[in-house]
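A.B. asks: based on what follows, work out the 3D shape:
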Amino acid sequence: MTNDITRPGVNTTKAARAPGGDRERELLALRARIRALGRRSVAHISELGGCLAEVKAMLPAASFGPWVRSACGFSKPTALSYVAVYQRLTHYRDRLERVTVTPAVLFIVAYAEESMIEQIVVGLEAGQVLTASEARRITSVTAERKAELDAVPSAEELERQRIAEEQLVTMLNRAFGGLFGSGQRPTTAPVKRSVRRRVTNTV
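C.D. replies: All right, here's what the predicted structure looks like:
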């Protein structure tokens, strides 16, 4: 089971629908929140990941990395690791806040299989202390798996894509006189019945 939980407080519809001016204001507010947060505690890491998930939903894919570098001062892969902690470890947040665990370990565990995440959390609760190298060995998380999970669109991104498609249909309807219904795409023109009949008769 993939633990992709949208944290309460992240308004996916708001993030997806924000027009130009509103979006810029929201991005500035998110940048301020991100800069105000620490990066050591589980709570702050999860909240930072939630902020970055909102930003990722607002911006085109090609703009996310440059925004992160400018606003946060770290790389896109690091930002995606924060997002992964928010999306895949939210279910474990209360338990993780009560144990000793470093951000580097969280960034690895967030990409582990669900059953492995549970095992690691149980071990941490029992007093086990993990280093990043130990976490990498235990979870067998590879760069390929990280890239695969990072490429999966979040609920926020899917909502933005849906709204963009609706806006495209609206624009096409205005341009071509209502040819398309909601969610429909252009199709080929239907073959006239008389033409089909002639084709049948010649066979």
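A.B. asks: how about the contacts made by I117?
C.D. replies: Counting by Cβ atoms under 8 Å, 6 or more residues apart in numbering, I117 touches N3, R88, L89, Y92, V109. Bear in mind the C-beta positions are built from the backbone N, C-alpha and C, glycine included.
A.B. asks: spatially central residue in the chain, please.
C.D. replies: Residue closest to the mean C-alpha point of the chain, counted by Cα atoms, centre = their mean, is S154 at 3.2 Å.
A.B. asks: okay, now L172: neighbour count?
C.D. replies: 16 (other Cβ atoms under 10 Å).
A.B. asks: relative to R160, how far out is it?
C.D. replies: Per Cβ to Cβ, to the nearest Å, L172 is found 19 Å from R160.
A.B. asks: ok, A62 next?
C.D. replies: With Cβ to Cβ as the criterion, A62 and R160 are 14 Å apart.
A.B. asks: looking at these two, which is more packed in?
C.D. replies: R160 (23 against 7).
A.B. asks: next, V101: phi, psi?
C.D. replies: Taking degrees, to the nearest 10, you get phi -150, psi 140 for the backbone angles of V101.
A.B. asks: how about the nearest residue to it, chain neighbours excluded?
C.D. replies: L124 (5.9 Å; Cβ to Cβ, 6 or more residues apart in numbering).
A.B. asks: ok, that neighbour touching L130?
C.D. replies: Yes: judged on Cβ atoms under 8 Å, L124 makes contact with L130 at a distance of 7.0 Å.
A.B. asks: settle it for me: which of the two has more neighbours?
C.D. replies: Neighbours were counted for L124 and for L130 using other Cβ under 10 Å; L130 has more, 23 against 20.
A.B. asks: so who does that one touch?
C.D. replies: L130 neighbours (Cβ under 8 Å, 6+ apart): V101, V105, I120, G123, L124, I138.
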